[in-house]
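Participant: Next one to model:
(one chain, ligands or ions: 2)
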Amino acid sequence: MDVTTPSGTSDGAGLHARALLTVDEHLAAVLAAVVPVPARTVPLADALGATLAAPARAVIDLPPFDNSAMDGFAVHHVDVAAANADAPVRLRVVADLPAGSAVDPAIGTGEAARIMTGSPLPTAADTIVPFEDTVGGLADSLGVIAVASAPARRGVHVRRRGEDTRRGDVVLPAGTLLGPLQIGALAAVGISEVTAAVAPRVVVVSTGSELVPLERLGSATGAEGVRLERGQIPESNGILLAGVIAATGARVVRREIVDDEGSALRALLDEVTTGPDAADAVVFTGGVSAGAYEVVRQTVSQMTFGKVAMQPGKPQGFGLAGRTLLFGLPGNPVSAAVSFEVFVRPALLALQGRTEVRRPLLRIPAAVGWRTPAGRRQYLPVTIDRTDPAVWRAAPASSGGSHLAGRLGGAEGYAVVAAEVDAVAAGDLVDVMLID
Ligand SMILES: Nc1nc2c(c(=O)[nH]1)N[C@H]1C(S)=C(S)[C@@H](COP(=O)(O)OP(=O)(O)OC[C@H]3O[C@@H](n4cnc5c(N)ncnc54)[C@H](O)[C@@H]3O)O[C@H]1N2
Ligand code: MOO
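Facilitator: Residues are numbered from 1 along each chain as shown. Ligands and ions are numbered 1, 2, ... in the order given. Prediction:
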């Protein structure tokens, strides 16, 4: 990246003199530093949100055996091929097969077995007749039944062994996020444990002497209300980052607020980046731009600092302490949130070996026009206007100011507008990065 020495205020002029990095250049530099975390074997039940580190192969065929798709009767097709309402075919019911039954009854000519959905198809039968196609239905389903409608063909309503998946097939490749559907699919093919990436351990450090931790704010509903002195603000980046980090499958092992003085930050950094329990990543916010009290910039010598052609999120710091990734995100809350999406999230996913590290983009028309910053890629918080279900539209959730943290609460994504574009007009197609 465009590197400046982390010497604080003295190199501010140098920063301004240098060209901006593109978002893609900075992201490439970040991803190049990522070394994936190790994998471990984990019970499937504990793997929600983890990333597969090895292909998951089916342990059994799915379905595991030929079975009935309907509640009804297992029959010989030839016996009922001519059945109709005017000339029902009578069959003697010789067995009753609930799901889970291990019985494999003999079924002779003119005979049937009552069978429930999911029960194995008797070896002697080849077709299922649902209750609805018999005269007596469920109410008259034991003894002798009358089939009033011929099955469309031999084998109808039979679910075949292995028709979904064969034993040994790769059900999901390495690098897949294990969401609820994936976990369900793996369970269905007999997998009870998986090889998954160990959750990266992440430390979040908010910097700024103006920050008041939530627990010291007092109760908004109490008689005294919120207690803030002049110049103080509630600390909000830490809780936001903790949430988005957890959503990547990583684990926030520590969350701290440090002042702008430096010694607390230095001690904390040493503690969390050395020894066997060193964090996989430390995410700082604040103290990275051009002011007189930029604690991250002035203290973290392992990071380099530069400007990226994006808005918000222009000042960025990045580096390595041993194997720990260090991110210096700007302190403005929208800048911190956007910077996380664009640089930190992909890195945390890459650490876990995730194949897809990008957010999905939806290209939809802008609901209204807005201005964009010259020469910087814009990430504008937007809601998705679904008034017309056929044409969703991107509606700004804020004017784009990087301090408008309250408006962030209404955002469903970020409109991503190229650096060369100066303004978006209503109806222009824009890419919306969807967030969850
Ligand atoms: N002379 C210049 N000034 C600034 C520049 C510049 O290029 N030249 N860049 C601006 C841009 S763009 C941004 S973004 C900010 C980033 O500044 P820092 O990363 O140094 O952040 P701070 O100054 O510490 O804080 C900025 C802002 O955000 C509030 N903040 C910080 N941490 C938190 C937190 N954890 N929770 C809630 N709010 C937080 C802080 O109070 C400030 O208002 O710099 C511009 N300046
Ligand atoms: O680039 Mo700053 O991140 O505009 O707010």
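
Participant: Following the record's annotation, map out the domains of the protein.
Facilitator: Domain ranges of the chain: 15-37+199-351, 47-62+167-197, 67-159, 361-434, per automatic domain parsing.

Participant: Phi and psi next, for residue 193.
Facilitator: phi -150, psi 150 (degrees, to the nearest 10).

Participant: Serialize the domains of the chain to a markdown table and add fields for mean pLDDT.
Facilitator: Output for the domains of the chain, formatted as a markdown table (pLDDT from 0 to 100):
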| stretch | mean pLDDT |
| --- | --- |
| domain 15-37+199-351 | 93 |
| domain 47-62+167-197 | 98 |
| domain 67-159 | 98 |
| domain 361-434 | 96 |
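
Participant: Would you tell me which of these gets closest to ligand 1?
Facilitator: domain 15-37+199-351 (2.7 Å; CB to the nearest ligand atom). C-beta here means a position set from N, CA and C on the backbone, and glycine is covered the same way.

Participant: Is any residue of that closest one near ligand 1?
Facilitator: Yes: judged by CB under 6 Å from any ligand atom, domain 15-37+199-351 comes into contact with ligand 1 at 206, 208, 210-211, 233, 235-238, 285-291, 294, 312, 314-315, 330-333, 335.

Participant: Among these, name the ones in strands.
Facilitator: Among those, DSSP state E puts 206, 211, 233, 285, 315 in strands.

Participant: how much space between the first one and residue 268?
Facilitator: Looking back up the chat, that one is residue 206. Note on residue 206: its distance to residue 268, by CB to CB, to the nearest Å, is 11 Å.

Participant: Residue 386 versus the closest residue in space to residue 211 that isn't next to it in sequence, what's the distance?
Facilitator: In this structure, residue 211 finds its nearest non-sequential neighbour in residue 235, 4.0 Å apart by CB to CB, 6 or more residues apart in numbering. From residue 235 over to residue 386 the distance is 34 Å, taken as CB to CB.

Participant: Same question for residue 135.
Facilitator: Residue 135 is 50 Å from residue 386, by CB to CB.

Participant: Looking at the two, which one has more neighbours?
Facilitator: Legend: neighbour count by other CB atoms under 10 Å for residue 135 and residue 386, higher for residue 135 (13 against 10).

Participant: Residue 72 and residue 128 touch, don't they?
Facilitator: Yes: contact between residue 72 and residue 128 holds when scored by CB atoms under 8 Å: they sit 5.4 Å apart.

Participant: which neighbours do these two share?
Facilitator: Overlap of the contact sets of residue 72 and residue 128 (by CB atoms under 8 Å, 6 or more residues apart in numbering) consists of 115, 157.

Participant: Return only those of the residues of domain 15-37+199-351 next to ligand 1 found close to ligand 2.
Facilitator: Filtered for proximity to ligand 2 (CB under 6 Å from any ligand atom), the residues of domain 15-37+199-351 next to ligand 1 shrink to 312, 314, 330, 332, 335.

Participant: Among the residues you listed, which lie within helices?
Facilitator: residue 335 (DSSP state H).

Participant: of all the ones next to ligand 2 among the residues of domain 15-37+199-351 next to ligand 1, which two lie farthest apart?
Facilitator: 314 and 332 (9.8 Å; CB to CB).

Participant: Tell me which stretches of the stretch 201-350 of the chain form strands.
Facilitator: Using DSSP state E, counting those that start in this stretch, the strands of the stretch 201-350 of the chain run over 201-207, 211-212, 233-234, 251-258, 281-285, 303-307, 310-311, 315-321, 324-329.

Participant: Specify the angle between the longest one and strand 201-207 in degrees.
Facilitator: Using axes from the mean of the first three to the mean of the last three CA atoms, to 10 degrees, the direction of strand 251-258 lies 20 degrees away from that of strand 201-207.

Participant: Now strand 251-258: buried residues?
Facilitator: 252, 255-258 (16 or more other CB atoms under 10 Å).

Participant: Neighbours of residue 272, how many?
Facilitator: 22.

Participant: ok, it touching residue 203?
Facilitator: Yes: using CB under 8 Å, residue 272 is in contact with residue 203, at 4.7 Å.

Participant: Of residue 206 and residue 268, which one has the most company?
Facilitator: residue 206 (24 against 17).

Participant: for that one, what are its contacts?
Facilitator: Residue 206 makes contact with 235, 237-238, 255-258, 284-286 under the criterion CB under 8 Å, 6+ apart.

Participant: what two of those are the furthest from one another?
Facilitator: 255 and 286 (14.0 Å).

Participant: what's residue 432 in contact with, if anything?
Facilitator: Per CB under 8 Å, 6+ apart, neighbours of residue 432: 361-364, 382, 384, 394, 413-416.

Participant: Equivalent analysis for residue 227, please.
Facilitator: 216-218.

Participant: which element is residue 404 on?
Facilitator: Using DSSP states H and E, residue 404 sits in no helix or strand.

Participant: Need the nearest residue in space to it, chain neighbours excluded.
Facilitator: In space, and not counting its chain neighbours, residue 404 is closest to residue 398: 4.3 Å by CB to CB, 6+ apart.

Participant: what kind of secondary structure is that neighbour in?
Facilitator: Applying DSSP: H, G, I helix; E, B strand; the rest coil to residue 398 yields a three-state assignment of coil.

Participant: What residues does it make contact with?
Facilitator: The contact partners of residue 398, taken as CB under 8 Å, 6+ apart, are 334, 380-381, 404, 407-408, 410-411.

Participant: The residues you listed, buried ones only, as a PyMOL selection?
Facilitator: A single PyMOL command selects the buried members of those (16+ other CB under 10 Å):
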select buried, resi 334+380+381+404+407+408+411
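
Participant: Include distance to residue 277 when you put the contacts of residue 398 into TSV, please.
Facilitator: Shown next, in TSV, are the contacts of residue 398 (distance: CB to CB, whole Å):
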residue	distance to residue 277
334	33
380	39
381	36
404	38
407	38
408	33
410	39
411	35
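
Participant: if we take the contacts of residue 398, which one ends up nearest to ligand 2?
Facilitator: Nearest to ligand 2, judged by CB to the nearest ligand atom, of the contacts of residue 398 is residue 334 at 6.8 Å.

Participant: what about the closest residue to ligand 2 within the stretch 1-150 of the chain, neighbour count?
Facilitator: Residue nearest to ligand 2 within the stretch 1-150 of the chain (CB to the nearest ligand atom): residue 20, separated by 10.4 Å. Residues lying near residue 20 (other CB under 10 Å) number 17.

Participant: That one against residue 313, yeah?
Facilitator: No: with contact defined as CB under 8 Å, residue 20 does not reach residue 313; the gap is 11.3 Å.

Participant: check contacts around the residue nearest to residue 211.
Facilitator: So residue 235 contacts 206, 208, 211-214, 257 (CB under 8 Å, 6+ apart).
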